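Visitor: test case, fold it:
(one chain, ligands or ions: 1)
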Amino acid sequence: MDAKKLAGEKAIEFIENDMIVGLGTGSTVHWSILKLGELVKQGLNIKGVPTSRQTEQLANELGIPLVGLSSIDQIDLTVDGADEANPDFELIKGGGGALLREKMVASISKRMIVVMDETKYVANLGKFPLPVEVTQFGWEMTCRQIKSLGCEPKLRLNNNLPFITDNGNYILDCDFGEIYDAENLNHTLNMIPGVVENGLFVNMTDTMVIGNRNGHVDIL
Ligand code: 5RP
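Guide: As a prediction, this is how the structure comes out:
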């Protein structure tokens with residue numbers, strides 16, 4: 001049983017006609033977007049807001065109508081994945097490198113439904129290194145500033161070259177160990193001038209849809 005597919009498809013039940021829907025990025029929400037494409041073909045009327053070029057391309061292939069942030073102030077519901085989630089509904093995101101657009105979309109969403117398999121649901125955040133998007137300009141300095149907060153940052157690579165986000169920035173994957181105060185760390189990181197955004201999502205999620213290998217789906 002594919003737990004990601006179970007969770008991804010289940011989340012589509014929250015979507016209603018005429019909604020503006022934030023479309024997340026990753027292999028779990030991929031299943032949500034495929035299902036949504038089927039429903040659109042059957043007549044469901046929604047508009048999607050993609051959180052990455054990859055999601056934009058998939059939505060276009062499936063015929064899901066899209067709208068950009070320039071022409072909307074609010075999103076009814078966003079479906080997105082996570083790299084880790086804790087019982088306080090705090091998340092680490094950005095494993096796929098789309099955290100900035102994902103957080104911008106989440107920030108104007110009335111509801112955020114997070115889809116994941118059971119391995120992502122943890123007591124404490126931090127086993128997954130926290131992705132932090134930084135400007136290319138002065139990134140080594142920004143890296144030292146982040147390191148001084150007590151972590152081991154590593155520049156994300158792609159084929160031995162720095163990974164470049166859809167926004168033209170770099171990503172530092174930062175191992176902070178267990179994160180006990182996500183809200184404070186979120187603010188502290190974003191105070192560093194070279195930090196564009198970090199992957200901690202605090203007070204943004206209201207529902208988690210968790211697929212299990214045994215075929216069961218938990219909705220929290
Ligand atoms: C991309 C993300 C993804 O939502 C996150 O990495 C989870 O991905 P997947 O569903 O493939 O495990 O934050 O930036």
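Visitor: stretch 132-146 close to the ligand?
Guide: No. With Cβ under 6 Å from any ligand atom as the measure, stretch 132-146 is seen stopping short of the ligand, the closest distance being 9.9 Å. Glycine gets a C-beta too; all of them are placed from N, C-alpha and C.
Visitor: ok, which residues in the chain are in contact with the ligand?
Guide: 24-28, 80-83, 93-99, 102.
Visitor: how does it look with 5 Å?
Guide: Within the chain, the positions near the ligand by Cβ under 5 Å from any ligand atom are 25, 26, 27, 28, 81, 83, 93, 94, 95, 96, 98.
Visitor: and those residues, which are buried?
Guide: 25, 26, 28, 81, 83, 93, 94, 95, 96, 98 (16 or more other Cβ atoms under 10 Å).
Visitor: quick one: the fifth one and residue 173 touch, right?
Guide: Read that as residue 83. No. Residue 83 lies out of contact with residue 173 (Cβ atoms under 8 Å); the separation is 10.4 Å.
Visitor: what residues are shared contacts of those two?
Guide: Overlap of the contact sets of residue 83 and residue 173 (by Cβ atoms under 8 Å, 6 or more residues apart in numbering) consists of residue 131.
Visitor: among the residues of the chain next to the ligand, which ones are in strands?
Guide: With strands identified by DSSP state E, the entries of the residues of the chain next to the ligand that belong to them are residue 81.
Visitor: want to throw the residues of the chain next to the ligand into CSV with pLDDT?
Guide: What follows is the residues of the chain next to the ligand, written out as CSV (pLDDT from 0 to 100):
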residue, pLDDT
25, 98
26, 98
27, 98
28, 98
81, 98
83, 98
93, 98
94, 98
95, 98
96, 97
98, 98
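Visitor: identify the single longest helix in this structure, thanks.
Guide: For the chain, the longest helix by residue count, based on DSSP state H, is helix 29-41.
Visitor: list of residues touching it?
Guide: Counting contacts by Cβ under 8 Å, 6+ apart, the residues outside helix 29-41 that touch it are 4-5, 7-9, 11-12, 15, 21, 23-24, 44, 46, 48, 55, 58-59, 62-65, 79-81, 115.
Visitor: just give me the closest of the buried ones among the residues of the chain next to the ligand to residue 204.
Guide: Closest approach between those and residue 204, by Cβ to Cβ: residue 93, at 9.6 Å.
Visitor: backbone dihedrals for that closest one, both of them.
Guide: Residue 93 has phi and psi values of phi -130, psi 170 when expressed as degrees, to the nearest 10.
Visitor: can I assume it is in contact with residue 82?
Guide: Yes. Counting by Cβ under 8 Å, a contact exists between residue 93 and residue 82, whose distance comes to 5.5 Å.
Visitor: what sits in contact with each of these two?
Guide: residue 201.
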